[in-house]
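Undergrad: Got a sequence here, can you build the structure:
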Amino acid sequence: MKSFLDTVDVNILTSSEQIIYQYFKDHLNDIVYLSLSDICKELYVSNATVIRFCQKLGFKGFNELKFQLKNELNLTNKSVNAWDAIPHRTSILKDFIDNIDDKIIEQICSEIKNHKSIYIYGRNMSSLPAKYLQSMLNTMDIPCIYIDWIDFLSALSKSFPDNAVLFIFTNYGDKSIYEPIVKQCHERHVKIIWISSTDLDSSLLSSNDIYISTHEAKLETPPLLTKLTSFLLVQFIIEYLRHNIDKQEA
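TA: Reported below is the predicted structural model:
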């Protein structure tokens, strides 16, 4: 049976990735039942190597690739109903968890704990995870200010306290909108923590910023970006903070 693997240009693959590719080809019917760790143990490669291979093929990670194989092998439920999209969304969330860098979460939490001035911006759909972060931080007695108006953020960027922390939740990170705000923030040594549904223009970032792309999938109808991964990321931050606060109080 043919699969999308037959269309891959093996010349773009590294020697390690070619080994993974051949293993996938030779074990096509088994891959859908294996975990990422199963494959890494079998091939003596790292998780990161397998994930990079999957991303080179156009997937978020191993779970989305496996979902595609399941579809091609007719192992998924083909009935047309509201639940059809759930397995795919779940695979993307699993890939996000596999790819998350613990050190970045730790760094974000360190910034939260070490700064008295914390601002959180998000509008439209991005306001949902932004408000959730603000609510949870306030509940943990970590004061922060939520901003949902871009003009107010623009005005405030000229008077932020030095060394403040600004979370920006955004779908697209439009350069024409954010560039003057970012410039003002960087001049005042404000650390920006970007949580963006899509890739940002690199010119918006300074070496001092923290940037996480949640790669949230676009829904066809209505034309919205899901915010599941952003909520998941916020939950990681909250759980890390809560765990460390509990340790300090013990």
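Undergrad: For the rest of this, base every contact and every neighbour count on C-alpha atoms.
TA: OK.
Undergrad: in the chain, which segments are predicted with low confidence?
TA: Within the chain, the stretches with pLDDT under 70 are 1-2, 75-85, 217-225, 245-250.
Undergrad: Spatially central residue in it, please.
TA: T214 (2.4 Å; Cα atoms, centre = their mean).
Undergrad: Name all residues that make contact with that one.
TA: F96, I195, S196, S197, T198, T229, S230 (Cα atoms under 8 Å, 6 or more residues apart in numbering).
Undergrad: what's the nearest residue to P180 if we skip its chain neighbours?
TA: S154 (7.8 Å; Cα to Cα, 6 or more residues apart in numbering).
Undergrad: thinking that neighbour is in contact with E179, fair?
TA: No: look at S154 against E179 with Cα atoms under 8 Å: they stay out of range, at 10.1 Å.
Undergrad: you'd agree Y146 is in a strand?
TA: Yes: under DSSP: H, G, I helix; E, B strand; the rest coil, Y146 falls within a strand.
Undergrad: For the nearest residue to it once chain neighbours are set aside, give its distance to V8.
TA: In space, and not counting its chain neighbours, Y146 is closest to I120: 4.8 Å by Cα to Cα, 6+ apart. From I120 across to V8, the span is 42 Å (Cα to Cα, to the nearest Å).
Undergrad: sec struct for the residue nearest to P180, please.
TA: With three-state DSSP as the criterion, S154 reads helix.
Undergrad: ok, and for the strand or helix carrying L69, which residues are buried?
TA: Using DSSP states H and E, L69 maps to helix 62-72. In terms of neighbour count (16 or more other Cα atoms under 10 Å), helix 62-72 has its buried residues at F62, N63, E64, L65, K66, F67, Q68, L69, K70.
Undergrad: How about stretch 92-109?
TA: For stretch 92-109, the neighbour count (16+ other Cα under 10 Å) marks I92, L93, K94, D95, F96, D98, I105, I108, C109 as buried.
Undergrad: Tell me which stretches of this protein form strands.
TA: 118-121, 145-147, 165-170, 191-196, 210-213 (DSSP state E).
Undergrad: returning to that earlier point: who has more neighbours, I120 and V8?
TA: Using other Cα atoms under 10 Å, the more surrounded residue of I120 and V8 is I120, with 22 against 13.
Undergrad: Identify the residues contacting the more buried one.
TA: A130, Q134, C144, I145, Y146, I147, L166, F167, I168, F169.
Undergrad: And N29, by the same measure?
TA: L73.
Undergrad: K25 versus the residue nearest to Y146, what's the distance?
TA: For I120 relative to K25 (Cα to Cα), the value is 46 Å.
Undergrad: cool, and N114?
TA: Look at N114 and K25: by Cα to Cα, they are 50 Å apart.
Undergrad: same deal with I92?
TA: Distance of I92 to K25, given as Cα to Cα: 22 Å.
Undergrad: Pull up the distance across stretch 43-60, start to finish.
TA: Taking Cα to Cα as the measure, stretch 43-60 stretches 21 Å from start to finish.
Undergrad: Return the set of buried residues in that stretch.
TA: Result for stretch 43-60 [16+ other Cα under 10 Å]: buried residues V45, N47, V50, I51, R52, F53, C54, L57, F59, K60.
Undergrad: do the same with stretch 17-35
TA: E17, I20, Y21, F24, L28, I31, V32.
Undergrad: all helices for the chain, in order.
TA: Using DSSP state H, the helices of the chain run over 15-26, 28-31, 36-43, 47-56, 62-72, 86-99, 102-114, 127-139, 150-156, 175-187, 228-249.
Undergrad: how about those helices in a markdown table, adding distance to D209?
TA: Converted to a markdown table, these look like this (distance: least, Cα to Cα, whole Å):
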| stretch | distance to D209 |
| --- | --- |
| helix 15-26 | 32 |
| helix 28-31 | 38 |
| helix 36-43 | 31 |
| helix 47-56 | 24 |
| helix 62-72 | 28 |
| helix 86-99 | 19 |
| helix 102-114 | 10 |
| helix 127-139 | 18 |
| helix 150-156 | 17 |
| helix 175-187 | 9 |
| helix 228-249 | 17 |
